[in-house]
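Student: 3D, please:
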Amino acid sequence: MSKLEQKKKQKREALLIAAFSLFTSKGIHETSIADIAAEAHMAKGTFYLYFKDKYDLRDKLIAEHAKNLFDKASLDLSKEELNTLEDKVIFIADHVINELNENKILLRFISKNLSWGVFHDMLVTGGEDDSGFTFYDGYCALLEQSARKFRNPELMLYMIVELINSTCHNVILMQEPVDLEELKLELYGVICDIIHRQEIETEWETS
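Tutor: Next up is the predicted model:
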């Protein structure tokens, strides 16, 4: 990476850090682009070299934070010896939930701002590393390793992520209607049900 590219990356990162601090303390609607630029110690015009508007920046923030969560979970998964797809998906889910339980500010931010458009961008195009590898690529690799076929892998993942997002919010923040460990017992069973429901049975299984 050249010095110019490194400087651009540092400026972009500074804007992301500044925005996350302001979004989680003041709120997105109460935060202006001028506020973000000032917090990052740069001119307002510099903002537009990296993002279209503050909502574009918000979406990139969600994608990058989500990628970091899944990257950590995937790294720890690689150190485990788990055989089934269900066990691997639940391991990742448990890892992500525990991270969000430890970082409630991030939980509030992601839970409040996650949408289908942001989710799709995170899966397919957002949060790429230098090789162009996305989280969705890693997810598809898990499915291939299972040697099983599914009707709609993207929908299956979307339902699992939305289920985790919606159920964990109140439980982690307010311990309602149950505590986190009790929720996990039910949640992971439902995740397995989603996977089973999406699976396409092969001819030899149905014969």
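Student: what segments of this protein are helices?
Tutor: Per DSSP state H, the chain has helices spanning 3-25, 33-39, 44-47, 54-77, 85-102, 104-113, 116-124, 135-146, 153-174, 180-198, 203-206. These are given in chain order.
Student: now render the ones you listed as TSV, adding mean neighbour count.
Tutor: C-beta: built from backbone N, CA, C; applies to glycine. Supplementary listing: the helices of the chain in TSV, determined by neighbours: other CB atoms under 10 Å:
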stretch	mean neighbour count
helix 3-25	15
helix 33-39	17
helix 44-47	14
helix 54-77	18
helix 85-102	18
helix 104-113	16
helix 116-124	17
helix 135-146	15
helix 153-174	16
helix 180-198	15
helix 203-206	6
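Student: now the weakest link among those, please, by mean pLDDT.
Tutor: Ranked by mean pLDDT, these bottom out at helix 203-206, with a mean of 48.
Student: hang on, Pro97 packs against Glu181?
Tutor: Not quite, residue 97 is Ile, not Pro. No - taking contacts as CB atoms under 8 Å, Ile97 lies outside contact range of Glu181: 10.5 Å.
Student: which residues does Ser71 contact?
Tutor: In this structure residue 71 is Asp, not Ser. For Asp71, the set of contacting residues under the criterion of CB atoms under 8 Å, 6 or more residues apart in numbering consists of Phe135.
Student: what of the one 5 residues further on?
Tutor: When contacts are counted by CB under 8 Å, 6+ apart, Asp76 is found next to 91, 95.
Student: do that again at 10 Å, thanks
Tutor: Asp76 makes contact with 91-92, 95, according to CB atoms under 10 Å, 6 or more residues apart in numbering.
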